[in-house]
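1. Generate a structure from the sequence data that follows.
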Amino acid sequence: MKHHPTTHSELVLEVAGRDYKLKTAPQHAAGLTEAAQHLNEKIQAVRQRGRNLSNEQAAVLAALELSYDLLLEREMLALELAAAKR
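-> Numbers count the residues shown, from 1 in each chain. Below you'll find the model as predicted:
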């Protein structure tokens, strides 16, 4: 199997007011940027619920919500695929 080297570039994403530097393939930069924006929106929504949370707490709760949403979507997709096979 041939290994083709991938050119990576540095991407700086801001999440919860902090910058994170990532090395990523250029084709992933737009998706990662969109993911960071989505995460920041979730963090803001968590904060707007009126709790006095640290950045870390808000980020963890937002990540938990996103993970739960993903699991629900996977379950729904699996059910739809099973129904389509009938």
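2. Tell me the spacing between residue 59 and residue 16.
-> 5 Å (C-beta to C-beta, to the nearest Å). Any C-beta I mention is one placed from the backbone N, CA and C, and that applies to glycine too.
3. more crowded one of these two?
-> Comparing residue 59 with residue 16 by other C-beta atoms under 10 Å, the one with more neighbours is residue 59, at 20 against 17.
4. Do you know the pLDDT at that one?
-> Here the pLDDT value assigned to residue 59 is 93.
5. residues contacting it?
-> 15-16, 39, 43 (C-beta atoms under 8 Å, 6 or more residues apart in numbering).
6. tell me, what's touching residue 59 and residue 16 both at once?
-> Common neighbours of residue 59 and residue 16 (C-beta under 8 Å, 6+ apart) are residue 43.
7. what about the residue positioned nearest the centre of the chain, helix or strand, and which?
-> By C-alpha atoms, centre = their mean, the mean C-alpha position of the chain lies nearest to residue 35, the distance being 4.4 Å. Assigning secondary structure by DSSP states H and E places residue 35 in helix 26-48.
8. Can you point out the buried residues in that helix?
-> 36, 39-40, 42-43, 46-47 (16 or more other C-beta atoms under 10 Å).
9. And stretch 9-23, by the same measure?
-> For stretch 9-23, using 16+ other C-beta under 10 Å, the buried residues are 11, 13, 15-16.
10. Going by distance to residue 66, which of the residues you listed wins?
-> Minimum distance to residue 66 across the buried residues of stretch 9-23 is 12.1 Å, recorded for residue 15 (C-beta to C-beta).
11. So what sits opposite the closest one in the bridge?
-> residue 18 (DSSP bridges).
12. before we move on, back to that, can you tell me which of the contacts of residue 59 is nearest residue 86?
-> residue 39 (37.1 Å).
13. I'd guessed the closest one sits against residue 63; true?
-> Yes. Between residue 39 and residue 63 there is a contact under C-beta atoms under 8 Å: 7.2 Å.
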